[in-house]
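**Student:** this is the structure alone, sequence omitted:
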DNA sequence: CTGTTAGCGCCTTCAG
DNA sequence: CTGAAGGCGCTAACAG
């Protein structure tokens, strides 16, 4: 293995100068820098990560915590974060935070404490107080995304999201509105489901529209779950609009409406949240959360905390979102004007 | 930061003994081991990854190369691989292999050469010869999955997969069969598309059934792409069965049939490949590839190469797959028996 | 079984 | 601007 000494020898300088030239720290004459670069390139020299980490205390590696590595949403966020981090010279080490207690304990008590990462990015994670404390005690920058845990968290204002969905339906003239929420058992991850439900209900109430229990069903974030929930809602009584707490569930609702012989948007309007790629195909109106950008934004927040020269991240809780009106929502068809 | 010396002092032994006790290498008396464990636990000591890597030459980290980190299939494989690797004490560092030439060069010339990983796992990657060579020159175990590149690769026999699909349709009595393949521009990643197409065509030919050009359309692996391709096929002439080279495209085909007023499976049978989670919801017959298991299997292959005590991985090119018959395929409805 | 002794390969003061 | 020298924290012979 060619080492820094080889490069120093070939370039006719000391190892200190090689280090400085290659890392861009400290002053090095242009000539020396060039000779070093040339020598390094000739020898195919690449500094050992462990050696330089040990000596410098910096790893150039960021730990990313995710609840699932599959799953569309996390994949998208992870993609954005990884892309940005790598462009800035950081590697990304993945830490799936399972629900298994022993594994989690091991993660927070050992894995993350090996000084293998310079910072931690926690994506949509519901962390217990002890875990949050463990993270903080690492003494590293920690950025959370999509969670109001006791950490600097970037998140979309779920209340505003739900309100936007409600407003959209109300403005279209709907009054008989139902909601597909998230089963409590699945609504971990800082409880987006509960937040969206609450915001939606409040927005409807503000407009004088009730959201009685029979107009609320829950699913497990999947298409199949959304289908079941919608079927239940439709059976419970007439409804002209449905707001599902995720696009996948909304897609299930779309099918459920059709299975029930109801036209979308003729008889029932359906709106989701997320900006899932399939939403476009199914012509589903949704509120896009721009998950890939969320990942990028979070990555910049990490870089900022690390380098202080990266752009300032947005204020906590203010990630953008936008209504994408499509063909699954339409004005209420007045059956018989009073 | 509490270091190994602190532990040694508290336990009343040398640092060497601490290292041995904690790593399980070498002989250590039960008493000493216990005192060390206790001291380490009292002090909350965790060995520094870089220090131990530098000293031992092992990083306990494996690099995973993926074309996309989002994308259902890669997410699934990645999930399986990560789970297994972490259970065996390895961290996983993610390296997205973009299509950008400069980024790729940097990855193979620098990132992977920092001695940050003990092994490399390449998932469904189309690597150029130079890149394969670069990987091999790392002097590390490299395991590839889903690619017949010049590397020990685990892969499903795509020919057999396509043949299975063909047989299924033929046995149901279909003769007017069409295929949705993969656009060449998207069919990177060791060209599954081309392989499936070729195998399918061959299997049909063996049964005396032609697959003329007008019975073949291509998509980009997406639902929307499958929809467009199927629409084209249906417009080109009557067809009673369609084999799509991915479940997502098959789902698009399902919709296209319905949009064209054709019942599935009444008028047209549709079969996909992958084992996508949505396939179940849409009652799509498919050939499952068990992607999560692929990830696990690949991880075991890596562990085997690393430790030699992990279970023997399966022979290259023999990953399992299975037909999952569902409601989207049915016997040909004889319109007018001859 | 256990301690001593060298490094692993690089970065970073500290002089010059 | 550059070199010398120490040390980052741990592991791995090598003697005992």
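**Tutor:** Structure's in. What do you need? Just so you know, these numbers come straight off a predicted model, no measurement behind them.
**Student:** run me through the strand neighbours of the helix or strand containing residue A:180, direction for each.
**Tutor:** Residue A:180 belongs to strand A:177-182 when assigned by DSSP states H and E. Under the criterion DSSP bridges, strand A:177-182 sits next to strand A:216-219 (parallel), strand A:241-244 (parallel) in its sheet.
**Student:** average pLDDT for the first one?
**Tutor:** It refers to strand A:216-219. For strand A:216-219, the mean per-residue pLDDT is 96.
**Student:** quick check, whichever helix or strand comes after it touching chain B?
**Tutor:** Towards the C-terminus, the helix or strand next in line after strand A:216-219, according to DSSP H and E, is helix A:223-236. Yes. Remark: helix A:223-236 sits within contact range of chain B at A:223, A:224, A:227, by C-beta under 8 Å from any C-beta of the partner chain. Quick note: C-beta positions are derived from backbone N, CA and C, even for glycine.
**Student:** and if you look at stretch A:109-125?
**Tutor:** Yes. Stretch A:109-125 comes into contact with chain B (C-beta under 8 Å from any C-beta), by way of A:109, A:110, A:111, A:113, A:114, A:115, A:116.
**Student:** with stretch A:10-27 instead?
**Tutor:** No. Under the criterion of C-beta under 8 Å from any C-beta, chain B is not reached by stretch A:10-27; the shortest gap measures 11.1 Å.
**Student:** just the buried residues of that stretch, please?
**Tutor:** Buried residues in stretch A:10-27, counting neighbours by 16 or more other C-beta atoms under 10 Å in any protein chain shown, are found at A:10, A:11, A:13, A:17, A:18, A:19, A:20, A:21, A:22.
**Student:** contact partners of it?
**Tutor:** Contacts to stretch A:10-27, defined as C-beta atoms under 8 Å, 6 or more residues apart in numbering or on different chains, come from residues A:4-5, A:7-8, A:28, A:32-33, A:35-40, A:42-43, A:47.
**Student:** in helices, which of those fall?
**Tutor:** With DSSP state H as the criterion, helices contain A:4-5, A:7-8, A:32-33, A:35-40, A:42-43 from among the contacts of stretch A:10-27.
**Student:** chain B: which of those residues is nearest?
**Tutor:** Proximity of the ones in helices among the contacts of stretch A:10-27 to chain B (C-beta to the nearest C-beta) peaks at residue A:40, which lies at 10.7 Å.
**Student:** before we move on, the earlier item: out of the ones in helices among the contacts of stretch A:10-27, who has the most neighbours?
**Tutor:** Ranked by neighbour count under the definition other C-beta atoms under 10 Å in any protein chain shown, those are headed by residue A:7 with 27 neighbours.
**Student:** residue B:170 versus that residue, what's the distance?
**Tutor:** When C-beta to C-beta, to the nearest Å is applied, the distance between residue A:7 and residue B:170 equals 64 Å.
**Student:** then residue A:37?
**Tutor:** Counting by C-beta to C-beta, the gap from residue A:37 to residue B:170 is 63 Å.
**Student:** same check, this time on residue A:74
**Tutor:** In this structure, residue A:74 and residue B:170 are 40 Å apart, going by C-beta to C-beta.
**Student:** lowest-pLDDT helix or strand in chain A?
**Tutor:** Considering only helices and strands, the least confidently modelled element of chain A by mean pLDDT, DSSP states H and E is strand A:153-154, at a mean of 87.
**Student:** could you check which helix or strand contains residue A:257?
**Tutor:** helix A:247-259.
**Student:** so what are the sheet partners of the helix or strand just after that helix and their directions?
**Tutor:** Sequence-wise, the next helix or strand beyond helix A:247-259 is strand A:269-274, with elements assigned using DSSP H and E. For strand A:269-274, the paired strands and their directions (DSSP bridges) are strand A:241-244 (parallel), strand A:285-288 (parallel).
**Student:** check these for me and report the most buried one.
**Tutor:** Comparing the strands paired with strand A:269-274 on average neighbours per residue, with mean count of other C-beta atoms under 10 Å in any protein chain shown, the densest one is strand A:241-244 at a mean of 30.
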